[in-house]
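Participant: no sequence for this one, just the structure:
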Ligand SMILES: NC(=O)C1=CN([C@@H]2O[C@H](COP(=O)(O)OP(=O)(O)OC[C@H]3O[C@@H](n4cnc5c(N)ncnc54)[C@H](O)[C@@H]3O)[C@@H](O)[C@H]2O)C=CC1
Ligand SMILES: O=C(O)CCC(=O)C(=O)O
C-alpha cells in the first residue's frame, strides 16, 4: 500500500483521482496528529501551512515524494528533500488566474480605499470625503517578476488603461512586446511606477528586494502590493516610509510570519490586508489539488512527473523513449562501481547512435545513481545523484560520439580512479534487452542481470572446465557463460551468470587456480 499523508486542507474533489487506486491509502491529518506513524508514509501532500523541514523529513524515513498543491515551495526544504532522493512536485499554474485576480482586486481596493470605506459604512458612518481615491486609468504599474501571475496581472492592467513597466531579469524582449509591456531596470521601475506589485518567488535574491535602499528610490506617493510572498517587501523597512507618507498605501496578502499576529503594519489605516487568499477560490483549489493528485498517481504508476522542482521535466513521450536507456545506464553504473571498488574521482559518459539524440541528462543521472548506490547507505536516485556525487568529490560529464561499434546505440562509461581507469560499454537492443558489449578493454556480450561472476585470466586451454568444476562442486549452477579475450594467449575474461551468488570461500578457491588473476562478484 502506498500511504499518502494530506496534512493541509486540500480540495476533496481534487483528490478524487487518488481515491480511484486500490493501492493508495490516504490519511488526512496534521503532522502533529500522526507523529508515531510518520515513518510509514510514502507521500506527503501540503499547501503552505505545513512546514516541510529537514527535521520532519528526518522522521519520514519512507517518504518518496512531497506534493505542494500550489506554486510557492518556500515552505519545503528542497535541498534536504533532494539530499534524501525525495521528489518534490508542485502545481505551477492551477492558481495563476486566482492569484492575478486577487492582486488586481487588492490594487483597486487600495487606491479606492474600499476596505476602510466598508468598515466606515458598517459602523453606521457616511463619510464620502474621507475616501477620495485615485483612478487606475493612465497610471504606471511596475511589475517585479513577470512570470505566470505577473503577466496575467499586466494583461488586466492594460485592459484598465494602465502602462506596464516590468523588471524581470529573465524576461525576453519578444515576450514583453507580445504582452504590450516594456522592460526596465529595477531602478527605472522603482523611479517611474505609481503602483508596484511584486510577483517573484521568495529566494535568497528576492528576500528584502524592496528594503530601505530600494524603497527610497520609489516615487513619493507610491502604492505597493505583495500578493507573492512575505519578505519580498521588507516589513520593518516599510514602517518609516508609511509614517512619512512617502508610501501612500500598501496591500498585503502575505506576511513574513503567517499569521502575522499583532504586527505594527496592521496599525496603519492605509495598509490593507487579506489572510493569504490569493489562491483561495473554488476553481484554484480544485485545479491545484487535481494537478498534484494526477502527478502523484503518475509517480505511483512509475510514469514521469512533469512538474518536479528537483528533477528535469520529462514528457510521457520523451520518457518512453529514454526508459530503456535509463535502465541500461543504471546497470552500467552499478557494475562499474562494484568492479572499481576503490575511490574514484571522475565518471565520463559517452553517448553514441540513437541514444545521443535523446534527453541524456536523465540517463546520466540514472547511471550516476547506479554508480553511487553501492557506496552510500542511503537511497540514491536521479533526484539526489548529482548532489551525492558532489559531496563525495566525484565529477562527471557527458560526451557525444559517432562511435557505435556497429550497434544502433551505445553508452560508454569510463571511471577514473587514482591509479586505474575502467571502461564499460552497453547497448539496448529493442525486444531483446540490455547487453554489455565491452568490459575493461575486452569485447564481450552479456546481459547485465542477476548474480554475475567476473574472472580475468590468461587465455589457456582448460580454464572453463576448471571454473565449472569448482562451481559445480559447490552446488552453484551456471545459467550463462560468456568469454572474451584481447588476443590469443593474452588477457581473457569470463562473465558467468549464476543462479545464486557465490560466497567468499568459493571466490578464494577460484582465485587459487593457476592463470586466474582476478575474481569478482558483481550484482546487477
Ligand atoms: N498569494 C497567493 O496565494 C499566491 C502566491 N503565489 C506566489 O506568487 C509568486 C509568483 O508565482 P508565479 O507567477 O506562478 O511564478 P513564476 O515562476 O511563473 O514567475 C516568477 C517570475 O519571477 C522572476 N524572478 C525570479 N527572480 C527574480 C528577481 N530577482 N527579480 C525579478 N524577477 C525575478 C522569474 O523570472 C519569473 O518570471 C510566487 O512567489 C508564488 O509563491 C502564487 C500563487 C498564489
Ligand atoms: O495554498 C494556498 O492557498 C497558497 C497558495 C500559494 O501561496 C502558492 O501557490 O504559492
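Facilitator: Received, thanks. None of the values given here were measured: they were computed from a predicted structure. Ligands and ions are numbered 1, 2, ... in the order given.
Participant: mind listing what the residue most central in space within the chain touches?
Facilitator: Centroid-nearest residue in the chain, with CA atoms, centre = their mean: residue 310, separated by 1.4 Å. By CB atoms under 8 Å, 6 or more residues apart in numbering, residue 310 lies in contact with 78, 81-82, 87-88, 383. Glycine gets a C-beta too; all of them are placed from N, C-alpha and C.
Participant: what ranges of the stretch 51-200 of the chain fall below the confidence cut-off?
Facilitator: Within the stretch 51-200 of the chain, no range satisfies pLDDT under 70.
Participant: tell me which parts of it are close to ligand 1?
Facilitator: 70-72, 95-96, 99, 144-150, 167-170, 199-200 (CB under 6 Å from any ligand atom).
Participant: and the residues you listed, which of them are in helices?
Facilitator: 96, 99, 148-150 (DSSP state H).
Participant: by contact count, what packs against the helix or strand hosting residue 286?
Facilitator: Using DSSP states H and E, residue 286 sits within helix 282-300. Under the contact criterion of 3 or more CB pairs under 8 Å, 6 or more residues apart in numbering; DSSP states H and E, helix 282-300 touches helix 16-19, strand 43-46, strand 65-68, strand 87-90, helix 96-111.
Participant: Would you format those as JSON lines with mean neighbour count and distance to ligand 2 included?
Facilitator: Below are these laid out as JSON lines (neighbours: other CB atoms under 10 Å; distance: least, CB to the nearest ligand atom, whole Å):
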{"stretch": "helix 16-19", "mean neighbour count": "16", "distance to ligand 2": "18"}
{"stretch": "strand 43-46", "mean neighbour count": "26", "distance to ligand 2": "9"}
{"stretch": "strand 65-68", "mean neighbour count": "27", "distance to ligand 2": "7"}
{"stretch": "strand 87-90", "mean neighbour count": "24", "distance to ligand 2": "8"}
{"stretch": "helix 96-111", "mean neighbour count": "22", "distance to ligand 2": "7"}
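Participant: on that earlier part again, could you redo the contacts of residue 310 as JSON lines and give each row distance to residue 324?
Facilitator: Putting the contacts of residue 310 into JSON lines (distance: CB to CB, whole Å) gives the following:
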{"residue": "78", "distance to residue 324": "30"}
{"residue": "81", "distance to residue 324": "28"}
{"residue": "82", "distance to residue 324": "26"}
{"residue": "87", "distance to residue 324": "21"}
{"residue": "88", "distance to residue 324": "27"}
{"residue": "383", "distance to residue 324": "21"}
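Participant: before we move on, the earlier item: excluding covalently adjacent residues, which one is nearest to the residue nearest to the centre of the chain?
Facilitator: residue 82 (4.6 Å; CB to CB, 6 or more residues apart in numbering).
Participant: That neighbour reaches residue 388, doesn't it?
Facilitator: No. Counting by CB atoms under 8 Å, residue 82 sits too far from residue 388 to count as a contact (9.6 Å).
Participant: In terms of packing, which of those two has more residues around it?
Facilitator: residue 388 (24 against 20; other CB atoms under 10 Å).
Participant: Packing partners of the helix or strand harbouring that one?
Facilitator: Secondary structure assignment for residue 388, by DSSP H and E: helix 385-391. Judged by 3+ CB pairs under 8 Å, 6+ apart, helix 385-391 is in contact with helix 78-83, helix 360-372.
Participant: Noted, bye for now.
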